[in-house]
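A.B. asks: structure for the following, please:
(2 chains)
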Amino acid sequence: GAVVSQHPSWVICKSGTSVKIECRSLDFQATTMFWYRQFPKQSLMLMATSNEGSKATYEQGVEKDKFLINHASLTLSTLTVTSAHPEDSSFYICSARDPSGRVPKNIQYFGAGTRLSVL
Amino acid sequence: QQPVQSPQAVILREGEDAVINCSSSKALYSVHWYRQKHGEAPIFLMILLKGGEQKGHDKISASFNEKKQQSSLYLTASQLSYSGTYFCGTEIGYNFNKFYFGSGTKLNVKP
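C.D. replies: Reported below is the predicted structural model:
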């Protein structure tokens, strides 16, 4: 199946700093990528839909200026958590769809996730 | 927006069966099922694209009732490896540009 790489797998940072998370589709071009956040023992909550070459679409309640999403190419989307605070500590996961038609194009392929801890 | 799953948690002995339900207040165009182990990304299990569709592999199968806006995942003769949290997922929005996960069902299979 298709492969999505997410980096880093974990990061620890000080309060007030910014953290960038990368999501790459390795063997397909992803026009759309999704960013999720998951708190312990909870479901994955959609934060935003990232579209190549255009602005991301954010879910209600997600701060655009705090969670900057850039989808500059068909294989890379980045999520930057700006001025991170302890309440931003969470598990962040990206996913992408393969629109090529090799497999049902609705299927989501997930990165391994990034565990962010803000001290 | 988020589909609701039931039950929230299930404890089984190896070899027992389980059913996980997923219901949506909005029309479902497709239903995805995933399993997530602690600290890992979700793993794709299967997708159902049409109402009335049933699908399965090994001893895990699912059905999709489009009219009732719900889907069920069936786990038969459960194995220890089935333990994890199961999520259904669905696409909505123009051009299916949003994907929402269900509330999750934690399954614990014991020896």
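
A.B. asks: what is the least confident helix or strand in chain A?
C.D. replies: Every helix and strand in chain A was compared by mean pLDDT, DSSP states H and E; the lowest is strand A:108-110, with a mean of 86.

A.B. asks: neighbouring contacts of that strand?
C.D. replies: Residues outside strand A:108-110 that contact it (Cβ atoms under 8 Å, 6 or more residues apart in numbering or on different chains) are A:1-4, A:25, A:34, A:93-98, B:32, B:41-44, B:89, B:99. C-beta: built from backbone N, CA, C; applies to glycine.

A.B. asks: sheet partners, orientation included, of that strand?
C.D. replies: strand A:90-97 (antiparallel) (DSSP bridges).

A.B. asks: which outside residues touch the partner strand?
C.D. replies: Outside of strand A:90-97, the residues within contact range by Cβ under 8 Å, 6+ apart are A:2, A:4, A:6, A:21, A:23, A:25, A:28, A:30-39, A:44, A:77, A:79, A:81, A:105-111, A:113-116, B:39, B:41-42, B:99.

A.B. asks: residue A:30 should be in a strand, yeah?
C.D. replies: No. Under the criterion used here (DSSP: H, G, I helix; E, B strand; the rest coil), residue A:30 is coil, not part of a strand.

A.B. asks: show the contacting residues for it.
C.D. replies: A:4, A:52, A:74-75, A:77, A:96-99.

A.B. asks: still on that earlier bit, any of the contacts of strand A:90-97 buried? List them.
C.D. replies: If you count burial by 16 or more other Cβ atoms under 10 Å in any protein chain shown, the buried members of these come out as A:2, A:4, A:6, A:21, A:23, A:25, A:28, A:30-38, A:44, A:77, A:79, A:81, A:106-111, A:113-116, B:41-42, B:99.
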